[in-house]
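Enquirer: Predicted structure and sequence below. I'll ask about it afterward.
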Amino acid sequence: MAVTVVQPTRIPYAGWRSRVTACAAPALLAAVLAACAPQTTPSPSPASTPTSSPAPSATFGGTPEPTATSSPGLRLPSPTATNQTPISYTVTVDLQAGQSGRLVVVVTNLSRTMVPELVLRWPTAVRDTIFLAPFQPSLQRIREGGPPLVQDWTKWVDGPGESGEPAATTSLGWGPLLPGGTLTIPVLATRVAPGPLTFDFQILAGEAVLLSGGVPAWLRVTVP
């Protein structure tokens, strides 16, 4: 707060002290002393001078506002069952930011039991950023009188499907996985829109999620 000091009024002749002592009443003496006391003038409030004291920005418990990159991404529904056949797997993202590429999924059956149909699953909305497909359609895949995407050993289903594939999911069936066998599955990833993406990815036997190290084979995949 700014303080303004008011200087006391000076009496311009030498006999003022004796006259004040002899004649001044208490009220007059108090008035003279009051004239000598400092007076204060309050400074303007912050409301009248907003530039001198800016309001603090909003905070949320010290945590910055989330950005688009911290989005949880695309999720899958929980599988309806669990298959106890143990597997090991790796998922490799082989594409650069803003480009097309592929995902490479390697699955090994660690048991003596065959997996009748190995299935990979991801949210269908992934295709708004990258389009995942088991192969590139071409004229070489056209059968006589048939469409170019027919493949005896796989399925490619957007749910809801006839075998229980849930809505808003895409399921890629890759045929049987033999006891002790390994399947290497390259999934083409064609860029549709720029930007990174994170999404759920499941490895199942039919509609039952497989286990890896006793944990469901349900992971998060991030593409740049």
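Expert: Alright, I've got the coordinates.

Enquirer: only C-alpha atoms for contact and neighbour calcs from this point on.
Expert: Will do.

Enquirer: which residue ranges form the strands in the chain?
Expert: In the chain, the segments counted as strands under DSSP state E are 81-94, 101-109, 118-123, 130-133, 155-158, 169-173, 182-191, 197-205, 208-212, 215-216, 218-223.

Enquirer: who does the fifth one pair up with?
Expert: By that I understand strand 155-158. Here strand 155-158 is paired, per DSSP bridges, with strand 169-173 (antiparallel).

Enquirer: Kindly export the strand it pairs with (C-alpha atoms) in CSV.
Expert: Provided in CSV are the C-alpha atoms of strand 169-173 (Å, rounded to 0.1, in the frame of the first residue of the first chain):
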residue,chain,number,x,y,z
THR,A,169,-14.5,-55.3,-33.6
THR,A,170,-12.5,-56.8,-36.5
SER,A,171,-11.4,-60.5,-36.2
LEU,A,172,-8.7,-62.1,-38.3
GLY,A,173,-8.7,-65.9,-38.1
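
Enquirer: what's near enough to touch Asp200?
Expert: Gly73, Leu74, Arg75, Leu76, Trp122, Pro123, Trp218, Leu219, Arg220, Val221 (CA atoms under 8 Å, 6 or more residues apart in numbering).

Enquirer: Got a quick PyMOL command for the buried subset of those?
Expert: Typed into PyMOL, the line below selects the buried ones among those, using 16 or more other CA atoms under 10 Å:
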select buried, resi 73+74+75+76+122+123+218+221
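
Enquirer: Quickly check the contacts of Asp200 for the two that are furthest apart.
Expert: Gly73 and Trp218 (14.3 Å; CA to CA).

Enquirer: With only the CA atoms kept, save stretch 80-96 in CSV.
Expert: The C-alpha coordinates for stretch 80-96 follow below in CSV (Å, rounded to 0.1, in the frame of the first residue of the first chain):
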residue,chain,number,x,y,z
THR,A,80,-16.5,-64.3,-23.2
ALA,A,81,-14.1,-67.0,-22.1
THR,A,82,-10.5,-68.0,-21.4
ASN,A,83,-8.6,-70.8,-23.2
GLN,A,84,-6.0,-72.4,-20.9
THR,A,85,-3.6,-73.3,-23.7
PRO,A,86,-0.4,-71.5,-22.9
ILE,A,87,1.3,-69.5,-25.7
SER,A,88,4.1,-67.0,-26.1
TYR,A,89,3.8,-64.1,-28.5
THR,A,90,5.4,-60.9,-29.8
VAL,A,91,3.8,-58.0,-31.7
THR,A,92,6.2,-55.8,-33.7
VAL,A,93,5.0,-52.4,-35.1
ASP,A,94,6.9,-52.0,-38.4
LEU,A,95,5.8,-48.6,-39.7
GLN,A,96,7.0,-45.0,-39.4
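
Enquirer: For that stretch, list every residue counted as buried.
Expert: Gln84, Thr85, Pro86, Ile87, Tyr89, Val91, Val93, Asp94, Leu95.

Enquirer: repeat for stretch 123-137
Expert: Buried-residue list, stretch 123-137, by 16+ other CA under 10 Å: Pro123, Thr124, Val126, Arg127, Thr129, Ile130, Phe131, Leu132, Ala133, Pro134.

Enquirer: Nearest to Thr198 among these?
Expert: Val126 (8.8 Å).

Enquirer: ok, the closest one touching Leu74?
Expert: Yes. Using CA atoms under 8 Å, Val126 is in contact with Leu74, at 7.5 Å.

Enquirer: what touches both of those two?
Expert: Counting by CA under 8 Å, 6+ apart, the common neighbours of Val126 and Leu74 are Phe199.
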